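> Please find the sequence and the predicted model below.
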Amino acid sequence: MDEKWEPADWRVILDNILEMRKNHTAPVDSMGCHMCSDPNANPSDARFQVLVALMLSSQTKDEVTHAAMKKLKSHGCTPGNIKITSKETLGQLIYPVGFWRRKAEYIKKTTDILLQQYGGDIPKTVEGLCKLPGVGPKMAHLCMQVAWGEASGIGVDTHVHRISNRLGWVRKPTKTPEQTRVQLQSWLPKEKWVEVNYILVGFGQEICLPVRPKCSDCLNVNICPYGKKNHQT
């Protein structure tokens, strides 16, 4: 049987990314889903707010999600209040997040499910979360981490997916974030699962950009497969 595969130099690469992230200047640092719930809310309402923030975050910049959550919290972001808020009003509150009409519908349906089946709280399993309208594996794993403090799996968004492929952190190139999650979890120590999303998202927002990444500013330029191939000094 093959020895467990792991990518070359991954610890050095991760340490370098941590060094580049130490100033916490990326949007995710101040406006990520972990910053979107009301610290004074009761625990179940705070968990609901984390879930709503994650539902809003899909294909939406952190700044826009954070602004929408600010409006929602001023309105009253609790299951009971969202239940009596019309879909039209909810849509106005979350605009201009991506696909805001669809997300307003998902949030309304999810709120009804939470009130009917979970006493107004959110599910405590990935499976339960993924059954909610508009919630996929990435959101579910991040929700487990932020809302429940459990490392159920790695939350892989477009940043983590892109960077993992560029760094060669997947054994073979992956086409979907879910494929990337499975490959990352096969070798990355579980104690790193929670932090890796947060670290890579900020790195992807500031340096390892989708288009024209700033390889010349990256400490990994000489050990990253993508950097070595594409960066010209």
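Structure received.
> element containing Tyr226?
Following DSSP states H and E, one finds Tyr226 within helix 225-230.
> Run through who's touching that helix.
Here helix 225-230 makes contact (CB atoms under 8 Å, 6 or more residues apart in numbering) with Arg166, Leu167, Gly168, Pro213, Cys215, Cys218, Asn220, Val221, Asn222. Yep, even glycine has a C-beta here, placed from its N, CA and C like the rest.
> What is the burial count for the fifth one?
Counted with other CB atoms under 10 Å, residues neighbouring Cys215 total 22.
> Quick check, pLDDT for the closest residue to it other than its chain neighbours.
Spatially, and ignoring its direct neighbours in sequence, Cys215 is nearest to His231 (3.8 Å; CB to CB, 6 or more residues apart in numbering). For His231, the model assigns a pLDDT of 75.
> ok, Pro173 touching Asn165?
Yes: under the criterion of CB atoms under 8 Å, Pro173 makes contact with Asn165 at 5.7 Å.
> Neighbour count for those two, which is higher?
Neighbour totals were compared for Pro173 and Asn165, and Asn165 leads with 19 against 11 (other CB under 10 Å).
> what sits against the more buried one?
Pro173, Thr174, Thr180.
> gap between the first one and Asn230?
Distance of Pro173 to Asn230, computed by CB to CB, to the nearest Å: 15 Å.
> what about Lys87, neighbour count?
13.
> what do you get for Leu56?
Neighbours around Leu56, by other CB under 10 Å: 27.
> what's the answer for the one 4 residues further on, then?
Residues within reach of Thr60, counting by other CB under 10 Å, total 19.
> Contacts only, for it.
With CB under 8 Å, 6+ apart, Thr60 has these contacts: Val97, Gly98.
> what about it, distance to Gly119?
According to CB to CB, Thr60 stands 29 Å off from Gly119.
> low pLDDT regions in this protein?
Within the chain, the ranges that satisfy pLDDT under 70 run 1-3, 232-233.
> which residue ranges form the strands in it?
Shown for the chain, no strands are assigned by DSSP state E.
> Could you pull out the helices in this protein for me?
10-20, 27-31, 43-57, 62-75, 79-83, 87-94, 100-117, 126-130, 137-148, 158-167, 177-187, 193-206, 225-230 (DSSP state H).
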